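1. for reference, the sequence and a predicted model appear below.
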Amino acid sequence: MMLRLRSRDGLEPVIVENPHTTTVSELKRIIEAQLRIPVHNQTLSTNQNLLLAKSREDLHRFTDMANPDLTLSSLNLAHGSIVFLTYEGERHVAGPAFNPAGSFGRKMTMDDLIAKQMRVTRQENPHCELVSFDRDCANAFQHYVNDTLAFAVKRGGFMYGTVSEEGKVEVDFIYEPPQQGSEENLLFFRDPDEEKLVEAIAAGLGMRRPGQEGLYFVEYREVLQAAEYHAESGLKEWVTAVVKLEVNDDMSADVHFEAFQIIDVCVRLFKEGWFETEIKEDDDPKLSKMKKDVVVGVKDTKEVDNDFFLVVVKISDHQGPLSSSFPIENRNTQMTMKALKNHLDRTKSLPFVKRISDFHLLLVLARVLDLNADVPALTACELWPHLKWCQENYALYIQALCSNTVHVTP
């Protein structure tokens, strides 16, 4: 048990082993051993007015601890209780320890100093004011994870669209890279060659990649993944969206989107290698683990609640320039020229530009077209539909491709 002794020298701690057996006389001997005040010079009391006594006669009025055989527990003294002490004579009281090598009482490295200053606080406002989803692409992704996957495994993709000067993100298509999902994990097998085609199509359409989409709750693995892609993008408006399945009170299912941003300090922590990337089976998925202490509130910790790293983004929808009716890449269906022919036959009543206004269709064509010449020209048909010569040339070329039923996927 620790007692606090208040004297003219200030407040000092004294350690007592057992308050039920320790007596007042034993406490005085402990004070002599720990504070070097002789027993015969000590006067103790639980009354703070003891410190105001001016004479020996005044001291004799404080008798609550005069009996040397009283136990501390009988005086209702517990851990942290204050006992007042006055004594005769002089005493040298050691001042605080001072180490010129470090302001925190020990020699510190630069890493120690940086760690003391790495503070994790909530970010109130996102850099992305609003994220709006094209209805067709959002429904295509949502229906797949709900109807086909039945929310049994995780699925993800990269969102492409435009970013306004005001920080509004409009998502017009979702590219789903090769991946393997399970109930717990989502692993992307990123194909650099395929991503070059995707980026070329997006650039031709005047779009860029401002975020990622997935089916999962935001656990530690997803925080790491979102921070990685946010850092890779270099885009402050980078946004992550998730598709969630919730059961209502009437036991009906509600499938909906939620969007958030990883806060700036989280991206910085990822870039500087603060996160533990080895995740153990018994680790709490709601906590992000650090290699070194960070300051959260007033506490130094290596575990940060995932919610600290997220800031919610408002969601809206719109009807973009592209459709999403063509079979989507890297799913369980194989992309062939027969699929392209079926799509064109099904949409033959539409103008040529409308028939090819589908990212997933353009990706199939990009595999067999020239990346530097044909892809920009084909996407120009989308941006400038008045280019009749471009439409006519590529309409003939695509019809020729459709007469061949060979596979075009690697």
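-> Right, received. Where do you want to start? A quick note: this is a predicted structure, and the numbers were derived from the prediction, not measured. Numbers count the residues shown, from 1 in each chain.
2. show me the helices in the stretch 1-150 of the chain, by range?
-> Counting by DSSP state H, counting those that start in this stretch, one finds helices in the stretch 1-150 of the chain at the ranges 24-35, 56-59, 110-117, 135-143.
3. in TSV: the ones you listed, plus distance to Ser45 and mean pLDDT.
-> Just so you know, the C-beta spots here come from the backbone N, C-alpha and C atoms, and that holds for glycine as well. Output for the helices of the stretch 1-150 of the chain, formatted as TSV (distance: least, Cβ to Cβ, whole Å; pLDDT from 0 to 100):
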stretch	distance to Ser45	mean pLDDT
helix 24-35	10	90
helix 56-59	9	86
helix 110-117	42	58
helix 135-143	74	94
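4. domain parsing for this protein?
-> When the chain is parsed with automatic domain parsing, its domains come out as 2-87, 119-318, 337-402.
5. quick one, helices of the stretch 151-300 of the chain?
-> With helices called from DSSP H, counting those that start in this stretch, the stretch 151-300 of the chain shows them at 192-204, 220-233, 264-271.
6. export the ones you listed as JSON lines, with columns for mean pLDDT and distance to Thr336.
-> Output for these, formatted as JSON lines (pLDDT from 0 to 100; distance: least, Cβ to Cβ, whole Å):
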{"stretch": "helix 192-204", "mean pLDDT": "94", "distance to Thr336": "17"}
{"stretch": "helix 220-233", "mean pLDDT": "92", "distance to Thr336": "31"}
{"stretch": "helix 264-271", "mean pLDDT": "93", "distance to Thr336": "40"}
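7. so which of the ones you listed comes closest to Phe359?
-> For Phe359, the closest of the helices of the stretch 151-300 of the chain is helix 192-204, at 6.4 Å, according to Cβ to Cβ.
8. what sits up against the closest one?
-> 158, 160, 175, 177-178, 208-209, 329, 359, 362-363, 366-367, 371, 375-376, 378-380, 382-383, 410 (Cβ atoms under 8 Å, 6 or more residues apart in numbering).
9. lowest average confidence, helix or strand, in this protein?
-> helix 110-117 (a mean of 58; mean pLDDT, DSSP states H and E).
10. out of the helices of the stretch 151-300 of the chain, nearest to Ile398?
-> Here helix 192-204 is closest among the helices of the stretch 151-300 of the chain (Cβ to Cβ), at 15.1 Å.
11. closest to Ile31 out of the helices of the stretch 151-300 of the chain?
-> Nearest of those to Ile31, taken as Cβ to Cβ: helix 264-271 at 48.6 Å.
12. packing partners of the closest one?
-> strand 119-120, helix 220-233 (3 or more Cβ pairs under 8 Å, 6 or more residues apart in numbering; DSSP states H and E).
13. which one of these has the most crowded surroundings?
-> Across these, averaging neighbours per residue (mean count of other Cβ atoms under 10 Å) puts helix 220-233 on top, at a mean of 20.
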